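here is my input, please return the structure:
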Amino acid sequence: MLILSTIIPNEGIQKKMTDAFPDLTFYYEETWTDEKLQEAEILITYGEDLTDEIIERAVNVKWIMVMSAGLELMPMNSIEKRGIMVTNARGIHKVPMAEYTMGMLLQYEKKLKQLIENEAAEIWDRKIEVGELNGKTMLILGTGAIGGEVARLAKAFRMNTLGVNRSGKAVEHIDHLYALTEIGDALPKADYIVSVLPSTPETKDLLKKEHFKAMKSSAVFVNIGRGDLVKEEVLVEVMEEQELAHAILDVFEPEPLEKSHPFWSMDNVTVTPHLSSKSSEYLPRTFAIFEENMKEYLRKGNDFINVIDPKKGY
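Got it, this is the predicted structure:
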């Protein structure tokens, strides 16, 4: 059995896979080649390099392991027609993304950007007003694994936590849950609004200008989910008009953010290059999920981790 991967992990992970499955053949290459693609039964990929044509050429593929959580670029119609199983790495991002979120909130409250600038300019200024996370209210849009971990860390800072999900059902570490249809009721209550929502037809352009107007003028908006949650021009206008105190943006639509974009020069916007999920532990965690699913696949079981419904896209 051939497992073809366009992700090339380090030698340690490759050896771990070979040792775990000595009877299987792993082949790592950066791009799909016809010979290997036609032979492969399992594909390992980040998902962005798959097209309808690739799926058509992969005549023997039965399972695709996507080493990321985002699936919006996947050719799901072709995959569904072929009956190919898809699993992903949902859940592995929760630690780095939650740490990124708390780190960014701390840098905002403790004025770290200004302190770094003052240090470079040799300015001693003890009049800088710094704040606290303690006692503030955080609203988390999307309360899955990542949102739940953000809430858990927020509780360590004695924050109040609100959440928005599809159902409004209770989630650990979140004080009060709202259904997605009740988002307008939740927004005015929050000092921080953190979005970890994926890109789906339901969430695309979800936030309108009236949603930002409903937020506190002192609020901070953090987007680590997907850039298409709000139209670019809407968010630019919101920040130009200073409807919010600050926006911390790690995701954009499109990416990368062009050099001339207004966000780069706005004092009330922090831009990072879609790296909130990055970590030295990323690939070890994803291959650990693959390893468990591979064991289940070989014993012809049905209890796989993170099986995706192609119709829903998640």
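
going forward, measure contacts between C-alpha atoms and count neighbours the same way
Will do.

how near is the residue nearest to the spatial centre of the chain to residue 129?
Nearest to the centroid of the C-alpha atoms of the chain, with distances taken as C-alpha atoms, centre = their mean, sits residue 225, at 4.8 Å. Look at residue 225 and residue 129: by C-alpha to C-alpha, to the nearest Å, they are 30 Å apart.

same question for residue 287.
From residue 287 to residue 129 the distance is 45 Å (C-alpha to C-alpha).

tell me which of these two has more neighbours.
Using other C-alpha atoms under 10 Å, the more surrounded residue of residue 287 and residue 129 is residue 287, with 21 against 8.

the protein: strands as residue ranges?
Using DSSP state E, the strands of the chain run over 2-5, 25-28, 42-45, 63-66, 85-88, 137-141, 160-165, 176-179, 192-195, 220-223, 246-249, 269-271.

just the helices in the stretch 201-314 of the chain please.
Counting by DSSP state H, counting those that start in this stretch, the stretch 201-314 of the chain has helices at residues 209-214, 232-240, 282-298.

using PDB, write out every CA atom in the second one.
In this case it means helix 232-240. Extracted C-alpha coordinates of helix 232-240, given in PDB (Å, rounded to 0.1, in the frame of the first residue of the first chain):
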ATOM      1  CA  GLU A 232     -12.300  43.900   3.800                       C
ATOM      2  CA  GLU A 233     -13.800  47.300   2.900                       C
ATOM      3  CA  VAL A 234     -16.200  47.100   5.900                       C
ATOM      4  CA  LEU A 235     -13.400  46.500   8.400                       C
ATOM      5  CA  VAL A 236     -11.200  49.200   6.900                       C
ATOM      6  CA  GLU A 237     -14.000  51.700   7.300                       C
ATOM      7  CA  VAL A 238     -14.700  50.500  10.800                       C
ATOM      8  CA  MET A 239     -11.100  51.000  11.900                       C
ATOM      9  CA  GLU A 240     -10.800  54.300  10.000                       C
END
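
for that helix, give the mean pLDDT please.
For helix 232-240, the mean pLDDT works out to 98.

other SSEs contacting it?
helix 209-214 (3 or more C-alpha pairs under 8 Å, 6 or more residues apart in numbering; DSSP states H and E).

buried sites along the helix it packs on?
Residues 212, 214 are the ones in helix 209-214 that count as buried (16 or more other C-alpha atoms under 10 Å).

which strands and helices sit next to that helix?
Counting by 3+ C-alpha pairs under 8 Å, 6+ apart, helix 209-214 packs on helix 232-240.

touching the helix it packs on from outside, list them.
208, 209, 212, 244, 246, 247, 252, 253, 262, 263, 268, 269 (C-alpha atoms under 8 Å, 6 or more residues apart in numbering).

point out the least confident member of those, please.
Across those, no position has a lower pLDDT than residue 253, which has 94.

and the residue in the chain sticking out farthest from the centre, what does it touch?
Centroid-distance maximum for the chain: residue 124 at 38.2 Å, with C-alpha atoms, centre = their mean. Residues near residue 124 by C-alpha under 8 Å, 6+ apart: residue 118.

do you know the pLDDT at it?
98.

so it versus residue 115, what's the distance?
Applying C-alpha to C-alpha, the value for residue 124 to residue 115 is 9 Å.

just the buried ones from the contacts of helix 232-240, in ChimeraX syntax?
Command for ChimeraX that selects the buried part of those, burial taken from 16+ other C-alpha under 10 Å:
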select :212,244,246,247,252,263,268,269
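
need the max-distance pair from the contacts of helix 232-240.
244 and 253 (20.3 Å; C-alpha to C-alpha).

re earlier: can you count the residues close to the residue nearest to the residue nearest to the centre of the chain when sequence neighbours are not counted?
Of all residues not flanking residue 225 in the chain, residue 196 sits nearest, at 3.9 Å (C-alpha to C-alpha, 6 or more residues apart in numbering). Using other C-alpha under 10 Å, residue 196 has 23 other residues around it.

residue 196 touches residue 141, doesn't it?
Yes - taking contacts as C-alpha atoms under 8 Å, residue 196 lies within contact range of residue 141: 6.0 Å.

overlap of the contact sets of those two?
Common contacts of residue 196 and residue 141 (C-alpha under 8 Å, 6+ apart): residue 147.

check contacts around residue 118.
Counting by C-alpha under 8 Å, 6+ apart, residue 118 makes contact with 124, 125.

now do it against residue 127, distance only.
Distance of residue 118 to residue 127, computed by C-alpha to C-alpha: 12 Å.

what do you get for residue 101?
Taken as C-alpha to C-alpha, the span from residue 101 to residue 127 is 26 Å.

looking at these two, which has the bigger crowd around it?
residue 101 (20 against 6).

give the contact list for the more buried one.
Residue 101 neighbours (C-alpha under 8 Å, 6+ apart): 150, 222, 276.

by neighbour count, which of those residues wins?
residue 150 (28 neighbours).
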